[in-house]
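no FASTA, just this:
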């Protein structure tokens, strides 16, 4: 790391440190003056830990300039004139047109007037947009693009412990228990933006597996096995509560969310074509809280009779899938160029360039598309059954026939509250 070179332009050293270690220990359970498990109780424990610390500050991002924040888009004008090949009409590249100035010209085409100087008056700016804008980091230079250096620090930790215990109850009866855990703490999609506008998702993934087995020798030719297991896997992929439960009504004056508290909305398309603007989508991108449960029981017996070894068994397993999902329930708002472009064109692209700007549309509060999803609480269940019978018939020392029959029943998942429909 000491010999690493800093990236060009930012001259900030990046960091990527990994540590992976662990240990194992096992033997008879012996607690002085309390319990002596010699030849009876045994344990084996394993632990592995992994850590990865990263600092990425070498890549510039783009945020709105100070002028853009004040409605001044004169710096976005490139001096290039764009010509509509169908009509011969000409437009300045990145010109911002006033949506309140819409009119029909002598040729029957719907037109608009460009804001004087390409500047939106402050009196026209939407108060909610201005409050959101205040949350966006300030630029660190005077460029239209690559004017912000995010400090993205991500730390990933993972812990993998496991434990096995064997107990000899008697010469004919044995029990065993096994536990395994996976615990991972990491950040998905870090972007360097602050709460509540960040799209970063802290992920606390956790899985626990428990297995209990019992074996009993009924006679020299008859053995019984019983087992039970449970596995739970939590896999949240969601923005933090500080984003999802942000008071958008009180702090921004924005209403319309399907959740309470409202949460910060997701905002799209806030750029200024080839001249910067807001370079990232703001707000929560995902809000999944998934967990999976599997509960199972098995029973089997082995019976040796003459040249035959019979095996019979059955299994039942319940599968549970739950997903509490509020993605998009805070509101998803799109700000395209259309409201600040020329209507008759039907597009903001003309003559090899663009007119209008998503960030100008945002400042004016001219939402071009919005969506509010209903919160979802998916609860899927099914129970799987299985049974088998098998015979290993040793016909002679050179020939053994394996004969068997197995039955499985795997029904479709059903929604716990019967809130599922399928059309085919």
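In hand now; what should we look at? The model shown is predicted, which means the values in this text are computed figures rather than measured ones. Numbers count the residues shown, from 1 in each chain.

Quick check: which helices or strands does the longest strand along the chain pack against?
The longest strand of the chain (DSSP state E) is strand 376-396. Packing contacts for strand 376-396, counted by 3 or more CB pairs under 8 Å, 6 or more residues apart in numbering; DSSP states H and E, involve strand 308-325, strand 399-409, strand 414-415. Yep, even glycine has a C-beta here, placed from its N, CA and C like the rest.

Point out the most buried one among these.
Highest mean neighbour count among the helices and strands packed on strand 376-396 (mean count of other CB atoms under 10 Å): strand 308-325, with a mean of 16.

Touching that strand from outside, list them.
Contact partners of strand 308-325, identified using CB atoms under 8 Å, 6 or more residues apart in numbering, comprise 225, 287-304, 375-394, 413.

partners of that strand, with directions?
For strand 308-325, the paired strands and their directions (DSSP bridges) are strand 287-305 (antiparallel), strand 376-396 (antiparallel).

got these as a markdown table, with distance to residue 140 and mean neighbour count columns?
Output for those, formatted as a markdown table (distance: least, CB to CB, whole Å; neighbours: other CB atoms under 10 Å):
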| stretch | distance to residue 140 | mean neighbour count |
| --- | --- | --- |
| strand 287-305 | 31 | 16 |
| strand 376-396 | 41 | 14 |
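
Can you lay out those as JSON lines showing distance to residue 100 and mean pLDDT?
Below are those laid out as JSON lines (distance: least, CB to CB, whole Å; pLDDT from 0 to 100):
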{"stretch": "strand 287-305", "distance to residue 100": "36", "mean pLDDT": "96"}
{"stretch": "strand 376-396", "distance to residue 100": "39", "mean pLDDT": "96"}
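
need the strands for the stretch 51-200 of the chain, in chain order.
For the stretch 51-200 of the chain, the strands defined by DSSP state E, counting those that start in this stretch occupy 81-83, 90-92, 103-104, 110-111, 152-168, 173-188.

other SSEs contacting the third one?
The one in question is strand 103-104. Using 3+ CB pairs under 8 Å, 6+ apart: strand 103-104 touches strand 110-111.

Report the secondary structure element holding the residue lying closest to residue 291 once chain neighbours are set aside.
Among residues not flanking residue 291 along the chain, residue 234 sits closest, at 4.7 Å (CB to CB, 6 or more residues apart in numbering). In this structure, residue 234 sits in strand 222-238 according to DSSP states H and E.

Next, the buried residues of that strand.
223, 227, 229, 234-238 (16 or more other CB atoms under 10 Å).

Quick check: pLDDT value at the closest residue to residue 253 other than its chain neighbours.
Nearest non-adjacent residue to residue 253, counting by CB to CB, 6+ apart: residue 128, 5.4 Å away. Per-residue pLDDT puts residue 128 at 98.

wait, what's in contact with residue 128?
Per CB under 8 Å, 6+ apart, neighbours of residue 128: 252-254, 365.

Which of the residues you listed sits closest to residue 332?
Among those, residue 254 lies closest to residue 332 (CB to CB), at 12.4 Å.

Which strand residues bridge residue 233?
Going by DSSP bridges, residue 233 is paired in beta bridges with residue 207, residue 292.

number of nearby residues for the residue lying closest to residue 53 once chain neighbours are set aside?
Setting aside the residues directly before and after it, residue 53 is nearest to residue 17 in space (CB to CB, 6+ apart), at 4.6 Å. Counted with other CB atoms under 10 Å, residues neighbouring residue 17 total 11.

quick one: residue 17 from residue 132, how far?
36 Å (CB to CB, to the nearest Å).

Repeat that for residue 86.
Remark: distance between residue 86 and residue 132 (CB to CB) = 37 Å.

ditto for residue 311
To residue 132, residue 311 is 67 Å away according to CB to CB.

before we move on, back to that, quick one: the strands of the stretch 51-200 of the chain as JSON lines, columns for mean neighbour count too.
Below are those laid out as JSON lines (neighbours: other CB atoms under 10 Å):
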{"stretch": "strand 81-83", "mean neighbour count": "15"}
{"stretch": "strand 90-92", "mean neighbour count": "17"}
{"stretch": "strand 103-104", "mean neighbour count": "10"}
{"stretch": "strand 110-111", "mean neighbour count": "14"}
{"stretch": "strand 152-168", "mean neighbour count": "16"}
{"stretch": "strand 173-188", "mean neighbour count": "16"}
